[in-house]
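[1] Let me see the structure of the following:
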Amino acid sequence: MHEHLKRFLQFLRLNRNASPHTVRAYESDLSQFITHAAAGAGIKRSELTPAQLDRSAIRRFLGELHALGQTRASSARRDQARTSIATRMKWQAAAATVIACHTSWYPNTSGRGLGRCRRSPIAPRV
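    Numbers count the residues shown, from 1 in each chain. From the prediction side, this is the model:
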(Lines give C-alpha, C1' and ligand atoms only; values in the text may rest on other atoms or scores of the structure.)
Protein backbone atom coordinates (compact mmCIF):
# COMPACT_ATOMS: atom_id res chain seq x y z
CA MET A 1 0.00 0.00 0.00
CA HIS A 2 2.89 2.34 0.65
CA GLU A 3 3.81 2.31 -3.04
CA HIS A 4 0.19 3.03 -4.07
CA LEU A 5 0.06 5.93 -1.63
CA LYS A 6 3.36 7.34 -2.86
CA ARG A 7 2.24 7.19 -6.52
CA PHE A 8 -1.12 8.76 -5.68
CA LEU A 9 0.51 11.69 -3.87
CA GLN A 10 2.86 12.16 -6.80
CA PHE A 11 -0.17 12.15 -9.12
CA LEU A 12 -1.80 14.88 -7.02
CA ARG A 13 1.34 17.01 -7.09
CA LEU A 14 2.15 16.63 -10.77
CA ASN A 15 -1.13 15.99 -12.59
CA ARG A 16 -3.65 17.80 -10.42
CA ASN A 17 -1.25 20.58 -9.44
CA ALA A 18 -2.39 20.28 -5.83
CA SER A 19 -0.89 22.62 -3.28
CA PRO A 20 1.67 21.23 -0.81
CA HIS A 21 -0.91 21.70 1.97
CA THR A 22 -3.48 19.59 0.09
CA VAL A 23 -0.97 16.84 -0.60
CA ARG A 24 0.10 16.83 3.05
CA ALA A 25 -3.56 16.61 4.19
CA TYR A 26 -4.24 13.70 1.83
CA GLU A 27 -1.09 11.95 3.01
CA SER A 28 -2.09 12.37 6.64
CA ASP A 29 -5.69 11.21 6.12
CA LEU A 30 -4.73 8.20 4.02
CA SER A 31 -1.89 7.21 6.34
CA GLN A 32 -4.32 7.22 9.26
CA PHE A 33 -6.75 5.04 7.30
CA ILE A 34 -4.04 2.59 6.23
CA THR A 35 -2.70 2.36 9.80
CA HIS A 36 -6.19 1.75 11.15
CA ALA A 37 -6.98 -0.87 8.49
CA ALA A 38 -3.71 -2.71 9.15
CA ALA A 39 -4.32 -2.71 12.90
CA GLY A 40 -7.87 -4.00 12.32
CA ALA A 41 -6.51 -6.82 10.16
CA GLY A 42 -3.80 -7.58 12.74
CA ILE A 43 -0.92 -7.05 10.30
CA LYS A 44 1.85 -4.54 9.67
CA ARG A 45 1.22 -1.56 7.40
CA SER A 46 3.78 -2.90 4.94
CA GLU A 47 1.83 -6.17 4.60
CA LEU A 48 -1.53 -4.50 3.89
CA THR A 49 -2.89 -5.00 0.37
CA PRO A 50 -5.54 -2.92 -1.40
CA ALA A 51 -7.89 -5.93 -1.31
CA GLN A 52 -7.95 -5.67 2.49
CA LEU A 53 -9.39 -2.17 2.34
CA ASP A 54 -12.92 -3.46 2.22
CA ARG A 55 -16.24 -2.09 3.41
CA SER A 56 -15.76 -3.26 6.99
CA ALA A 57 -12.35 -1.52 7.22
CA ILE A 58 -13.92 1.71 5.97
CA ARG A 59 -16.83 1.44 8.40
CA ARG A 60 -14.50 0.72 11.34
CA PHE A 61 -12.37 3.74 10.46
CA LEU A 62 -15.33 6.10 10.14
CA GLY A 63 -16.81 4.65 13.35
CA GLU A 64 -13.58 5.32 15.20
CA LEU A 65 -13.53 8.92 13.93
CA HIS A 66 -17.07 9.34 15.23
CA ALA A 67 -16.14 7.80 18.60
CA LEU A 68 -13.22 10.23 18.87
CA GLY A 69 -15.64 13.12 18.44
CA GLN A 70 -14.60 14.15 14.92
CA THR A 71 -17.06 16.39 13.17
CA ARG A 72 -18.95 15.20 10.12
CA ALA A 73 -16.91 17.62 8.00
CA SER A 74 -13.63 16.07 9.17
CA SER A 75 -14.94 12.56 8.57
CA ALA A 76 -16.17 13.60 5.12
CA ARG A 77 -12.75 15.02 4.25
CA ARG A 78 -10.99 11.83 5.31
CA ASP A 79 -13.51 9.71 3.41
CA GLN A 80 -12.99 11.85 0.30
CA ALA A 81 -9.25 11.14 0.45
CA ARG A 82 -10.00 7.42 0.62
CA THR A 83 -12.45 7.66 -2.27
CA SER A 84 -9.94 9.54 -4.40
CA ILE A 85 -7.16 6.99 -4.03
CA ALA A 86 -9.57 4.07 -4.48
CA THR A 87 -10.85 5.59 -7.73
CA ARG A 88 -7.30 6.23 -8.95
CA MET A 89 -6.26 2.66 -8.13
CA LYS A 90 -9.32 1.34 -9.95
CA TRP A 91 -8.47 3.37 -13.07
CA GLN A 92 -4.89 2.11 -13.01
CA ALA A 93 -6.08 -1.47 -12.71
CA ALA A 94 -8.60 -1.06 -15.51
CA ALA A 95 -5.94 0.44 -17.74
CA ALA A 96 -3.61 -2.51 -17.08
CA THR A 97 -6.27 -5.17 -17.60
CA VAL A 98 -9.99 -5.47 -16.96
CA ILE A 99 -9.57 -8.96 -15.55
CA ALA A 100 -7.06 -7.84 -12.92
CA CYS A 101 -9.39 -5.06 -11.85
CA HIS A 102 -12.28 -7.47 -11.24
CA THR A 103 -10.49 -10.47 -9.81
CA SER A 104 -7.33 -9.53 -7.98
CA TRP A 105 -6.22 -6.53 -5.98
CA TYR A 106 -9.14 -4.11 -6.19
CA PRO A 107 -12.47 -5.51 -5.03
CA ASN A 108 -15.48 -4.01 -6.75
CA THR A 109 -17.45 -3.94 -3.52
CA SER A 110 -14.98 -1.78 -1.59
CA GLY A 111 -17.03 1.08 -0.23
CA ARG A 112 -20.18 0.36 -2.23
CA GLY A 113 -23.37 0.69 -0.30
CA LEU A 114 -21.80 2.98 2.27
CA GLY A 115 -22.53 6.24 0.57
CA ARG A 116 -20.36 9.17 1.41
CA CYS A 117 -20.17 11.12 4.61
CA ARG A 118 -21.94 14.36 3.99
CA ARG A 119 -21.74 17.57 5.88
CA SER A 120 -24.89 18.31 7.78
CA PRO A 121 -26.59 21.40 6.46
CA ILE A 122 -26.04 24.40 8.66
CA ALA A 123 -29.10 26.52 9.08
CA PRO A 124 -28.52 30.27 9.18
CA ARG A 125 -29.12 31.90 12.54
CA VAL A 126 -32.08 34.25 12.66
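
[2] State the pLDDT value of the closest residue to Arg45 other than its chain neighbours.
    Leaving out its chain neighbours, the residue that sits closest to Arg45 by C-beta to C-beta, 6 or more residues apart in numbering is Ala38, at 4.6 Å. Yep, even glycine has a C-beta here, placed from its N, CA and C like the rest. pLDDT, Ala38: 92.

[3] How about the contacts made by Ala38?
    Shown in contact with Ala38 (C-beta atoms under 8 Å, 6 or more residues apart in numbering): 44-45, 47-48.

[4] and if we set it to 7 Å?
    Listed by C-beta atoms under 7 Å, 6 or more residues apart in numbering, the contact set of Ala38 reads 44-45, 48.

[5] In this structure, which helix is the longest?
    Secondary structure assigned by DSSP state H gives helix 72-96 as the longest helix of the chain.

[6] which parts of that helix are buried?
    Counting neighbours by 16 or more other C-beta atoms under 10 Å, one finds that the buried residues in helix 72-96 are 75-79, 81-82, 84-86, 88-90, 92-93.
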